Structures are given as C-alpha cells and as structure tokens.
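**Q** mind folding the following:
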Amino acid sequence: MSHGHLPNGTNGKHGPAGNATATLEVRPIVAPANDTGREVAPANDTGRDVAVDAAGGWLALPRTYWTLWAGMLLNRLGGSIFFLLGLYLTRERGLPAELAGLVISLYAAGGFVAGPVGGLLADRVGRRATLLAGTACAGTFMLALGLARSVTAIAIIAPLVGFCTTACVAPLHAAVADVVPPARRARAYGVLYWAVNLGFAGASLCGGALAERHFTLLFVLDALTTFAYGAIVFFGVPETRPVLAGQPGARHAATFFAPFRDAPFVKFVLIQAFLLVAFAQVITALSLDMRAHGQPLASIGWLMALNGLYIVVAQPLALRFLRGRGHVEWLVMGCLLTGLGLGATALAGGRLVYALSAVVWTLGEIGFSTAAPALVSELAPVALRGAYQGTHQLAWSTASVLAPTLGTFVLARFGSRALWLGCLAVCFVAAALHARVTGGALRPVRDGGSQDPRDPRP
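**A** All right, here's what the predicted structure looks like:
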C-alpha cells in the first residue's frame, strides 16, 4: 500500500491566457559518463529522444531503471521501524499513547510538504543529487531518532525523518520517466510498486524478531539500508534529467507553484485525493471493523498481511493482462475494482469474506498505483517532471490526513455498512471523473502512451 507528451517536440502545455507555450526540443547533449552501451531511439511522444540500453534490458526496461529498482527494494527491506514506531515510542520511551500519536502525526506532517519540495529540487539540481542528499539526510536523522531520549528531541527529529524519506519519491519517479519510454512506463512503475511491497513484506517479517532483541537495531538497519540506497545511486545511476537543447534557462522555470497552474493536472490530483480517502480506509478503519466483528488480533494481523502477499503474487499477472491498454483504462479499472472490493467489505464479518474482498481491492490498488505515476509523467512538461510527481504525492498526503477522521466518524455514527458502501460510491465517482476529465486531457495512442488533444497535428 504504502503514483502530456506530444510528438515532434511539442509539450502542448498552455499558459494562463490559454496560448500555447513555445516548442522545446529536448535531447541529451551527451550520454552519462558511466552509462555505456546505449543507443538513441527515434523521438516518440515524449517530445524528446529516449536513450535506451542497446541490449533492451530485462522486461525491456533499461539498466538504470533496474539499478534504481534494486536500491528501492533494499531500502524498503530495512524499513521495519515504521510498522513498530508506535510500539517503540510507548514501550521503549514511555510516551503515553496520545503523545506517541502526536509524534507519528509530526512524522506524517514532515512528509506532507516533502513531495513538492523534493520534486522541485529534482528539476532544479537533478534527480541524482536530490536522491543522494535525501538518502544521506534520511539515514542520519533515522539514527538520531533511534538515539534520541527526550520527548523534545524525538518531536523535532520525527518530521525531519518524514521529510527526507518522502522527498526521495518524486526524483525516483521522475528518473523512471526519464529513462523508460512512454509505452513501458506503466510496467516500470508497476514493477517498482511490486518491489516496494515485497520490501515491506520482508521488513514486517524480520522487524518483530529484531525488536525482541533490541529496538535500536531497527533504526540502525533502516539507516544502513538507506545509506546503501544512496551508495547504489552514487555508483550506479547517472543524472537522468533531460537537457533542454537551446534553452539553458528553461530548467529554472521550475517553481514550487508551477504544477498548480496546470488546470487539467490539478483536477487529476483532486480526483486522486478523492479516491485515496476511500482507499485509505483499509489502513485506518478496516482493522477497527474487523475487531468490531469479533476478529481476534492474530487474525486481523494476517488478514492485513494478505494485501502485501496478494500484490507480490498478482501484480506480475496483472501487468501481463493489462499490457496494451491505455493508462487511463488502467486507472479507471483500478478505481472500479477498489470500489467493488471495499463495497464487498460491507458484507464481511467472517475471515473468508474479508480475505476475498481484499483480493478485489488489492487488484484495484495495483491498477491505480501503477497507472497514476505513468499518467503524471504524461501530463507533465519534460522540464517539470519532478515537480509534477511531487505535487501528485499531495493526493496521498491529503488522504492520510482526512481518512482517519472521516472513516472513524462514519464508522461510529452510521456503522460499518454505511462506511464501505460509501467507499464504493466514492470509488465509482472517481472512476467516472477519471474517464471523463483525465481521459479528456489525454488522447490514448496505440503504443500505450498518450497525446494531448490540444495538439493540432495527427
């Protein structure tokens, strides 16, 4: 659980007055120094030439992508502290539950602003530099959090950890868009999401065992894997940010607010936030609902763990099934399946129904989590990929803030059936909005990419 390009170099974006911006042709001036054996494919609908490995790479994805993938998997394998942070704060540091909840909220608050900031830095100073700085700071602050003893120190360090950790997501997603052609991006983001869930599954398995020995080991492990992620980027990943030929100052057009002036993109993010408020109930309300239906804690634990298992097993099959479909189709199908799965939870009570409904909403999660970052890379001008990916993270951040309050309110006032049927309705409305609004902003093309409908050329 834990996501617009035109042919011939036109980005198709319009300024505030509705006039098309100047055409930019984007090409790497030189190949990265440590990226040998590359060739340049003909310009496609990204408006730039895409450098691809001559050998094609496993699953037709380039070597740089797999290096990033390996770093992310390693980093997530060490992230078990996030599952046990509340327990650490209450048991090891003696904080009352309310204060522990405040610290966790501060961690989330640090991540709220990190997406846009990390994306802006990725466009201004580069994907590689932002990832290196983010991993170095995240690892350092994680060690500091494990060594902190006073409540004040913990409260100060927690949002810094959240900020640095989340700031790495946008440059990673932008780098994937830089090195993977449009027709393969949904696959690339899907396999990346699979790695994240595989890492979380591994982290949850080893986290409890390490915590029994010493909680500090969890912080050390997380810091070491974060530093290792940075080392992988340092030694194995070149700078992927495109160079705007003939426009040396274009990069500095990237501003914090640039994505917010793009009306179609803002609508897309708002629809995503609407969807994710419903989906986030599986994190905030589902365990409460299971408990209210008499499920013991052990059953709740393994029922929740099924989500990660389903993703690890089902995502490769789903990627094969959805191959050749447009990204908007993926997104709409994901919204519908998520709604059906959450709606079926209204019939639950026994473990079997919870387990089967989780299959459906997990398939929906695979759909929208794979399609969303691919669509962001299509809606974004090449020079602003990082900023757009970072702004898209605000959808998740907004849902993380709103979902707990809304979900528990509906559950307490109107009951389980109202909550899950309401989630079904929200997801179906999101599917309709994406089909109409997002689908209207992007005209599907046969190779799985998209084309801005405002471009006058065929």
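
**Q** so where's the protein uncertain?
**A** By pLDDT under 70, the weakly predicted segments of the chain are 1-59, 83, 204-205, 208, 244-254, 297, 322-324, 442-458.

**Q** what is the longest helix along the chain packed up against?
**A** Counting residues, the longest helix found in the chain (DSSP state H) is helix 182-213. Counting contacts by 3 or more CB pairs under 8 Å, 6 or more residues apart in numbering; DSSP states H and E, helix 182-213 packs against helix 63-77, helix 81-87, helix 169-179, helix 216-236, helix 297-321, helix 327-344, helix 351-379. In short, each C-beta sits where N, CA and C put it, glycine included.

**Q** residues touching Phe163, list them.
**A** Gly110, Gly111, Val113, Ala114, Val117 (CB atoms under 8 Å, 6 or more residues apart in numbering).

**Q** any idea how far Leu275 is from it?
**A** Noted for Phe163: a distance of 25 Å to Leu275, by CB to CB, to the nearest Å.

**Q** and stretch 85-101, how far out from the chain middle?
**A** How far stretch 85-101 lies from its chain's middle: 28 Å, per CA atoms, centre = their mean, to the nearest Å.

**Q** export that stretch to CSV, keeping only CA atoms.
**A** C-alpha atoms of stretch 85-101 as CSV (Å, rounded to 0.1, in the frame of the first residue of the first chain):
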residue,chain,number,x,y,z
LEU,A,85,7.1,3.1,15.7
GLY,A,86,4.1,3.5,17.9
LEU,A,87,5.1,0.4,20.0
TYR,A,88,8.7,1.7,20.3
LEU,A,89,7.5,5.1,21.5
THR,A,90,5.1,3.7,24.1
ARG,A,91,7.1,0.7,25.3
GLU,A,92,10.7,1.8,25.0
ARG,A,93,10.4,5.5,25.5
GLY,A,94,7.4,5.5,27.9
LEU,A,95,5.4,8.0,26.0
PRO,A,96,1.6,7.9,26.6
ALA,A,97,-0.5,6.8,23.6
GLU,A,98,-1.7,10.3,22.8
LEU,A,99,1.8,11.7,22.7
ALA,A,100,3.0,8.8,20.6
GLY,A,101,0.2,9.5,18.2
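
**Q** can you pull the buried residues of whichever strand or helix holds Val429?
**A** Following DSSP states H and E, one finds Val429 within helix 416-433. By neighbour count with 16 or more other CB atoms under 10 Å, helix 416-433 contains the buried residues 416, 419-424, 426-431, 433.

**Q** can you pull the phi/psi pair for Phe215?
**A** Backbone geometry at Phe215, expressed as degrees, to the nearest 10, gives phi -60, psi -30.

**Q** what's the distance between it and Ala138?
**A** Plainly put, Phe215 is 19 Å away from Ala138 if you go by CB to CB.

**Q** give me the more crowded residue out of the two.
**A** Set Phe215 next to Ala138 and count neighbours by other CB atoms under 10 Å: Ala138 wins out with 26 against 20.

**Q** in this structure the more buried one contacts Gly162, no?
**A** No - using CB atoms under 8 Å as the test, Ala138 is too far from Gly162 to be in contact (9.2 Å).

**Q** helices and strands around the helix holding Val429, which ones?
**A** Packing partners of helix 416-433 (3+ CB pairs under 8 Å, 6+ apart): helix 263-279, helix 281-284, helix 286-292, helix 327-344, helix 385-414.

**Q** switch to 10 Å and redo it
**A** Helices and strands touching helix 416-433, by 3 or more CB pairs under 10 Å, 6 or more residues apart in numbering; DSSP states H and E, are helix 263-279, helix 281-284, helix 286-292, helix 327-344, helix 351-379, helix 385-414.

**Q** of the ones you listed, which approaches Ala155 most closely?
**A** helix 385-414 (18.3 Å; CB to CB).

**Q** ok now the closest one, how far from the chain's centre?
**A** The chain centroid and the centroid of helix 385-414 are separated by 13 Å under CA atoms, centre = their mean.

**Q** how about it: buried residues?
**A** Residues 385-404, 406-407, 410-411 are the ones in helix 385-414 that count as buried (16+ other CB under 10 Å).

**Q** what's the domain layout of the chain?
**A** Listed by automatic domain parsing, the domain ranges of the chain are 58-182+207-237, 256-450.
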